[in-house]
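[1] okay, here's the prediction I keep looking at, along with the sequence it came from:
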Amino acid sequence: MTYAADRIEEEVAYLAYHFHWGMDDILDLEHADRRAYVARTATLVERAEAGR
């Protein structure tokens, strides 16, 4: 099973936007670690938006 290129691009863009990390640094993360960062960041963003 392969991971869709568009999904990887979304994850890279999301993490780069929020953490200002470079693409190489993000792509160097293991898949599970990258997904965990995306999930945790999404939770933080949702909490921040709910507090507005």
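    That came through, no problem. Numbering: from 1, shown residues only.
[2] all contacts plus neighbour counts: C-alpha atoms, from now on.
    OK.
[3] surely Met23 and Val12 touch.
    Yes: Met23 lies in contact with Val12 (Cα atoms under 8 Å); the separation is 6.4 Å.
[4] show me which of those two is the more surrounded one.
    The residue with more neighbours, out of Met23 and Val12, is Val12; 20 against 13, by other Cα atoms under 10 Å.
[5] contacts for the host helix or strand of the more buried one?
    Per DSSP states H and E: Val12 is located in helix 5-19. With Cα atoms under 8 Å, 6 or more residues apart in numbering as the test, helix 5-19 has contacts from 21-23, 26-27, 34-35, 37-38, 41.
[6] avg pLDDT for the helix or strand hosting Val45?
    Assigned by DSSP H and E, Val45 falls within helix 31-50. Helix 31-50 shows a mean pLDDT of 96.
[7] who are the packing partners of that helix?
    helix 5-19 (3 or more Cα pairs under 8 Å, 6 or more residues apart in numbering; DSSP states H and E).
[8] which SSE is immediately downstream of the helix it packs on?
    helix 23-28.
[9] pull the distance from that next one to the chain's centre.
    In terms of Cα atoms, centre = their mean, to the nearest Å, the gap separating the centre of helix 23-28 from the centre of its chain is 11 Å.
[10] repeat that for stretch 10-27.
    6 Å.
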